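Undergrad: Dropping a prediction and its sequence here:
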Amino acid sequence: MAGHSKWAGIKHKKAIVDARRGKLFTKLARAITVAAKDGGGDPDTNPALGLAVQKAKDASMPKDNIERAIAKGTGEGSDAEALEEVLYEGYGPGGVALLVAATTDNRNRTGSEIRHTFTKHGGNLGEPGSVAYLFDKRGLIVVDAARYAEDDLLPAIEAGALDVAVDDDVFEILTEPADLTAVRAALEEAGVELESAELSQHPKTRVPIDEDVATKLMRLIDALEDNDDVDDVHANFDVDAAVLERVAG
C-alpha cells in the first residue's frame, strides 16, 4: 500500500496551508451544518457532528465559525434544509476507482460539474454502486513513522484500533468509524502527535500505477477537490511514496 497513507498526510498538510483558506472553511462549515441538521447540535451525542467539528478545529477554523455552522444546522433556515450529502463514483486514469463525497444544494448542478471534471481529465463518472463496493468506511489516523515507533502506538490497539501498519514513512491506523474518536483520544493522551485523523473510504484492494498515471490522476483529484461542493476524494491507487510526493507537490 505504498504511498496511500502518504497521500492522506499530504492532503491534510495541503489543506492546512491552503492559501484559499476561506474556501476550506466554507466546506468545513457546510459539513458541520449538515451533521447538526441530521443529528442535532451536541457534538457529544452526535458522533458525525463531533468528527466534523474536530476536523474544523484541526484546520484552525475559528470557534465562532464552528458555532455559527452548528446554529445554522439546528435552526429553521432554508439554506440548511436544502443541503444534502451526495457520493459520486467513477474511474480515473489507470482504472483507479474514485469516490467523491460532496455537499450540495443542487444535485443537478454538482453532478454536471463532477461529470465534466471526470471527462476533462481522462476519467469516467459511473452509476451509484459502480465502485463503492471496493471500499470500506473506516477511521484513518496517520502518524509520522520517523518520530514514533510501533510500540508508541499500543494505546491505539488498547482503545480498539483494527490495525496498525507502516506505509513508507508513516503509520496507518485503521478503526471502526465509531471508534475513531476514542482511538484518537488515546493516542493524544499518550503524547502522540497525529498527521491526520478522519473518516475515510478505505480501499479493499489497490491498483498499482506508475508516475505518468499518478500525475494524470492527481490532476483529476485536484480538479475535483477544487469544486466548491466537493468535501473529499477517495481513491484505490498504489504508488511509491516518493513518486506521490513529487506529483502531489
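TA: Yes, it's here.
Undergrad: How about the longest helix along the chain, which residues are buried there?
TA: The helix that spans the most residues within the chain, counting by DSSP state H, is helix 21-39. Neighbour-count burial for helix 21-39, counted by 16 or more other C-beta atoms under 10 Å, picks out 24-25, 27-37, 39. Placement of C-beta: from N, CA and C, glycine included.
Undergrad: those strands in the protein, which residues are they?
TA: All strands of the chain, identified by DSSP state E, fall at 84-91, 97-104, 124-125, 135-144, 163-167, 170-175, 196-203, 207-208, 230-235, 237-238.
Undergrad: Need these in TSV (columns: mean pLDDT).
TA: Output for these, formatted as TSV (pLDDT from 0 to 100):
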stretch	mean pLDDT
strand 84-91	94
strand 97-104	95
strand 124-125	96
strand 135-144	92
strand 163-167	87
strand 170-175	91
strand 196-203	88
strand 207-208	93
strand 230-235	92
strand 237-238	90
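Undergrad: export those strands to CSV and tack on distance to residue 247 and mean neighbour count?
TA: Below are the strands of the chain laid out as CSV (distance: least, C-beta to C-beta, whole Å; neighbours: other C-beta atoms under 10 Å):
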stretch, distance to residue 247, mean neighbour count
strand 84-91, 19, 18
strand 97-104, 16, 22
strand 124-125, 21, 16
strand 135-144, 19, 20
strand 163-167, 17, 14
strand 170-175, 17, 24
strand 196-203, 19, 22
strand 207-208, 15, 16
strand 230-235, 13, 22
strand 237-238, 11, 20
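Undergrad: For those, please prepare TSV with the additional fields distance to residue 50.
TA: Converted to TSV, those look like this (distance: least, C-beta to C-beta, whole Å):
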stretch	distance to residue 50
strand 84-91	17
strand 97-104	17
strand 124-125	32
strand 135-144	12
strand 163-167	23
strand 170-175	14
strand 196-203	11
strand 207-208	33
strand 230-235	16
strand 237-238	30
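Undergrad: Minimum distance to residue 59: which of these has it?
TA: strand 196-203 (10.6 Å; C-beta to C-beta).
Undergrad: quick one: that closest one to chain centroid distance?
TA: Here the centre of strand 196-203 is set off from its chain's centre by 6 Å, with C-alpha atoms, centre = their mean, to the nearest Å.
Undergrad: Run the angle between it and strand 135-144 for me.
TA: For strand 196-203 against strand 135-144, the angle by axes from the mean of the first three to the mean of the last three C-alpha atoms, to 10 degrees is 140 degrees.
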